[in-house]
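Chemist: Quick one: sequence and predicted model below, then my questions.
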Amino acid sequence: MLPINARSALMSDEILKVTNVSRVYETSGGGFGRKNKVSALDGVSFNLVQGETLGVVGESGCGKSTLGRIISRLDTPTSGEIIYKGNDIAKKSLAAMRPLRKEIQFIFQDPYASLNPRRQIGAIVEEPMRIHGVSKDERRARAQELLEKVGLDKNSYEKYPHEFSGGQRQRVVIARALTLKPELIIADEPVSALDVSIQAQVLNLFKELQDEMNLTYIFVAHDLGVVRHISDRIAVMYLGKIVEMGSVEEIYNNPQHPYTKALLSANPRIDQSAKSTRQILTGDIPSPLNRPSGCSFHTRCPIAVPECSTREPELRRVGAVDVACNLVL
């Protein structure tokens with residue numbers, strides 16, 4: 001298995017470029033028939049190169065799962081560009097997206113909910129190939145090959161989802177995502193429902209498959225330890241925006257944004273002497289229906305100054321990272 005720095009040296013081709021992507025939802029409850037507007041994503045931009053893993057982290061409700069669904073076109077952005085291999089897919093119709101489904105696959109958080117309990121595992125894994133016109137014999141051979149590749153025995157083909165553990169179900173989901181030989185896989189908290197020991201096995205599987213098949217990942221998670229284990233770069237999100245982005249080493253060893261620092265300090269530590277450096281955030285994440293003015297984080301920020309409530313920071317390069325904070329110079 002290639003270490004991250006060795007794999008990064010092989011990466012050169014840009015596969016994805018996301019520019020100013022926003023997603024606004026309308027909800028009822030505005031009174032007199034009016035609808036409220038909720039901004040789930042607000043001007044998100046980043047790029048990915050072939051073979052890279054971008055970890056996306058943040059508290060619940062920050063927009064990270066919405067971002068994954070938008071990029072995979074399970075949802076449509078309100079504005080912005082999603083350039084996949086040179087083509088803007090942001091506004092493509094479902095029919096136009098169908099050929100690209102082979103190349104962009106989505107792995108859902110709950111492996112059991114995403115598997116049909118009435119179908120055998122073989123049929124579940126073969127389904128994407130059937131939709132895309134792969135012959136029956138080729139489907140079966142490919143499904144059996146992939147089930148073995150993800151660590152399941154040959155007998156798995158005839159079994160049903162309820163006969164597997166959570167970790168085994170997630171392996172089935174991964175096998176299904178690989179059937180059409182994709183290039184980009186978006187994984188939405190794929191190990192959050194698994195035991196810690198099983199998490200490590202599944203994460204190692206992700207890394208092995210990436211090295212073997214030159215896969216590109218967007219890995220959504222709330223566990224910073226999980227993201228650190230698998231990612232090349234990390235994007236930290238808060239209330240629909242990226243507030244800091246950089247390499248794993250920079251984010252973990254020299255975080256710049258106060259929100260990133262708070263997330264990292266909340267991680268469990270073996271070294272008890274580090275408790276004095278912890279930064280505890282107060283209050284809840286503001287509602288997207290009533291965003292704070294200026295910097296969205298200023299209502300919880302331990303270093304906020306009056307300027308933060310009036311001036312919205314832009315994501316800009318500071319040293320080795322991109323950061324959106326008025327106070328980071």
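Modeler: Looks like it came in fine. This one's a predicted model, so the numbers in the text were calculated from it and none came from an experiment.
Chemist: Going along the chain, name the strands of the stretch 51-200 of the chain.
Modeler: Per DSSP state E, counting those that start in this stretch, the stretch 51-200 of the chain carries strands over the ranges 53-57, 79-84, 87-88, 104-107, 184-188.
Chemist: Same list as before, those that is, but in JSON lines and with distance to residue 98 and mean neighbour count included.
Modeler: For every residue, glycine as well, the C-beta is placed using N, CA and C. Converted to JSON lines, the strands of the stretch 51-200 of the chain look like this (distance: least, C-beta to C-beta, whole Å; neighbours: other C-beta atoms under 10 Å):
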{"stretch": "strand 53-57", "distance to residue 98": "25", "mean neighbour count": "25"}
{"stretch": "strand 79-84", "distance to residue 98": "14", "mean neighbour count": "18"}
{"stretch": "strand 87-88", "distance to residue 98": "14", "mean neighbour count": "12"}
{"stretch": "strand 104-107", "distance to residue 98": "11", "mean neighbour count": "23"}
{"stretch": "strand 184-188", "distance to residue 98": "16", "mean neighbour count": "24"}
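Chemist: Residue 35: which of those is closest?
Modeler: Nearest of the strands of the stretch 51-200 of the chain to residue 35, taken as C-beta to C-beta: strand 79-84 at 18.1 Å.
Chemist: Please list the outside residues in contact with that closest one.
Modeler: 15-22, 43-44, 70-71, 73, 88-90, 100, 103-104, 184 (C-beta atoms under 8 Å, 6 or more residues apart in numbering).
Chemist: 10 Å instead, please
Modeler: Contact partners of strand 79-84, identified using C-beta atoms under 10 Å, 6 or more residues apart in numbering, comprise 14-24, 41, 43-45, 47-48, 70-73, 76, 88-92, 100, 103-104, 183-184.
Chemist: Please narrow those to those residing in helices.
Modeler: 70, 71 (DSSP state H).
Chemist: What is the burial count for residue 182?
Modeler: 20 (other C-beta atoms under 10 Å).
Chemist: Show me which of the contacts of strand 79-84 are buried.
Modeler: 15-19, 21-23, 41, 43-44, 48, 70-73, 89-90, 92, 100, 103-104, 183-184 (16 or more other C-beta atoms under 10 Å).
Chemist: So, low pLDDT: which residues of this protein?
Modeler: Residue ranges of the chain with pLDDT under 70: 1-12, 29-33, 268-278.
Chemist: quick one: the helices in it?
Modeler: Under DSSP H, the chain gives helices at 4-9, 64-71, 94-97, 121-131, 136-149, 166-178, 196-213, 224-230, 248-253, 258-265.
Chemist: and residue 236, what are its bridge partners?
Modeler: Going by DSSP bridges, residue 236 is paired in beta bridges with residue 57, residue 244.
Chemist: Against residue 15, how distant is it?
Modeler: Taking C-beta to C-beta, to the nearest Å as the measure, residue 236 falls 22 Å from residue 15.
Chemist: rewinding a little: with distance to residue 315 added, can I get the helices of the chain in TSV?
Modeler: Formatted as TSV, those follow (distance: least, C-beta to C-beta, whole Å):
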stretch	distance to residue 315
helix 4-9	22
helix 64-71	14
helix 94-97	28
helix 121-131	36
helix 136-149	39
helix 166-178	30
helix 196-213	27
helix 224-230	19
helix 248-253	14
helix 258-265	13
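Chemist: Test my guess that residue 221 contacts residue 187.
Modeler: Yes. Residue 221 is in contact with residue 187 according to C-beta atoms under 10 Å; the separation is 8.4 Å.
Chemist: Give me the number of neighbouring residues for residue 329.
Modeler: Neighbours of residue 329 (other C-beta under 10 Å): 7.
Chemist: Appreciated, that's everything.
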